[in-house]
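S.K.: Mind folding the following:
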Amino acid sequence: MPRTKYRFDPESLHYKEVQYTMVQKFVRMVLPQLLAAIVIGILMFIAYTNFFDSPQESRLKRENNKMVKELDSINQKFEKSLFVLEDLERRDQNIYRTLFEVEPIPLSERMSSITNMEKYANLSASDKLELITQNQVKIDSLKAKIYNKDVEYQQFFSLIEQNLDYLRDIPAIMPIQNKELKYMIYGFGDKLDPVYKTPTVHNGVDFGAPEGTLVIATADGVVSAVDYKARIHGMMVTVTHRSGYTTVYAHLSEISVRTGQRLKRYDKIGLVGNTGKSTAPHIHYEILKDGKHINPVTYFFLDLTPEMFAELEEMAARGGLTLD
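M.R.: Predicted coordinates:
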């Protein structure tokens with residue numbers, strides 16, 4: 001309640017109580033409280049808008065978080081799909097060159113141009129749409145790759161139809177059943193001799209497998225040589241194929257074929273062993289094309305998915321030792 005106010009009266013030389021009308025009394029009582037309420041209301045509004053979300057804002061934030069998670073999931077799926085597609089492209093390059101001895105479709109023809117950003121100009125008008133723009137570019141890129149891959153496969157299947165008999169004579173699988181990649185592979189190329197510890201050239205690949213594991217023919221062909229006492233390779237079998245390829249299976253514990261015998265892909269060659277210069281049971285496998293050794297890993301395309309092929313290729317590239 002307002003305090004009583006006094007005013008000095010120069011005539012009587014005394015202080016007299018100031019008399020207010022009813023309106024003035026009302027204003028003096030209400031106005032300070034009204035101003036305080038307005039200030040407090042403004043402060044509360046500022047605090048609420050800065051530190052608390054409205055129901056609509058909370059809903060929008062939840063939707064945005066859900067959208068970000070979904071976009072992240074889409075990006076992960078896209079990257080995985082792109083990895084598989086690029087692996088297929090790389091393997092197709094090898095298939096065209098090694099199987100059909102022709103050059104693959106040129107990169108300029110296989111890849112549609114996706115660098116022209118004019119088509120996305122309307123999307124880039126706002127920073128909020130940057131993520132949408134990026135994903136739209138990725139999706140269009142993937143669509144272009146898939147379309148060109150479809151065109152390439154049409155040509156590929158046409159080549160297969162024209163060369164079906166030829167393909168049966170091309171090594172295309174692993175010499176043992178290893179689809180789960182449970183057997184370690186030691187790769188092709190410059191390695192360290194496991195016995196003499198000196199640099200050597202490994203002309204094939206080694207699959208470390210238990211003694212007695214089944215060894216199979218990797219293509220149709222004719223057994224051109226059987227050796228039971230080779231100094232390095234121990235018990236070994238050589239198969240010649242009409243396509244100009246030769247395959248070698250070494251360190252066997254048992255041989256199930258004879259010279260001159262005709263084989264079909266998946267026919268039994270023998271069993272994994274530890275004969276010859278070998279440090280552990282395994283199958284040593286070689287591929288020669290027109291008398292020249294080539295990396296067998298490239299020729300395991302019928303056995304494996306793209307992911308498994310990439311894993312096997314990485315496994316073969318690791319380490320510098322072999323088993324023979």
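S.K.: Now do the SS call for T298.
M.R.: Judged by DSSP: H, G, I helix; E, B strand; the rest coil, the three-state class of T298 is helix.
S.K.: What's the per-residue pLDDT of it here?
M.R.: Looking at T298, its pLDDT is 83.
S.K.: burial count for it?
M.R.: Neighbours of T298 under the rule other Cβ atoms under 10 Å: 18. From N, CA and C alone the C-beta is placed, and that goes for glycine too.
S.K.: try H233
M.R.: A count of neighbours around H233, defined by other Cβ under 10 Å, yields 23.
S.K.: For it, which non-adjacent residue is closest in space?
M.R.: Closest residue in space to H233, ignoring its immediate chain neighbours: A250 at 3.6 Å, by Cβ to Cβ, 6 or more residues apart in numbering.
S.K.: what lines up beside the strand or helix carrying that neighbour in the sheet?
M.R.: Using DSSP states H and E, A250 sits within strand 245-255. In the sheet, strand 245-255 lines up against strand 234-240 (antiparallel), strand 268-272 (antiparallel), strand 282-289 (antiparallel) (DSSP bridges).
S.K.: re the thing from before, could you list everything the residue nearest to H233 pairs with in the sheet?
M.R.: Beta bridges link A250 to H284, judged by DSSP bridges.
S.K.: That one: neighbouring residues, count only.
M.R.: For A250, using other Cβ under 10 Å, the count is 27.
S.K.: so which helix or strand takes in G41?
M.R.: In the assignment (DSSP H and E), G41 maps to helix 22-51.
S.K.: so for that helix, what's the average pLDDT?
M.R.: 73.
S.K.: same deal with stretch 61-76?
M.R.: Here the average pLDDT along stretch 61-76 is 73.
S.K.: where along the stretch 101-250 of the chain do the helices fall?
M.R.: Along the stretch 101-250 of the chain, counting by DSSP state H, counting those that start in this stretch, helices occupy 107-110, 130-162, 164-168.
S.K.: Run through who's touching stretch 197-210.
M.R.: Identification of contacts with stretch 197-210 by Cβ atoms under 8 Å, 6 or more residues apart in numbering yields 174-176, 178, 183-193, 248, 250, 272, 280-287, 293, 295-297, 316, 322-324.
S.K.: Quick one: mean pLDDT for that stretch?
M.R.: 84.
S.K.: and if you look at stretch 259-276?
M.R.: Averaged over stretch 259-276, pLDDT sits at 95.
S.K.: Show me which parts of it are buried, residue by residue.
M.R.: Within stretch 259-276, the residues that qualify as buried by neighbour count (16 or more other Cβ atoms under 10 Å) are L263, R265, D267, I269, G270, L271, V272, G273, N274, T275, G276.
S.K.: What is the end-to-end distance of it?
M.R.: For stretch 259-276, the first-to-last residue distance is 20 Å (Cα to Cα, to the nearest Å).
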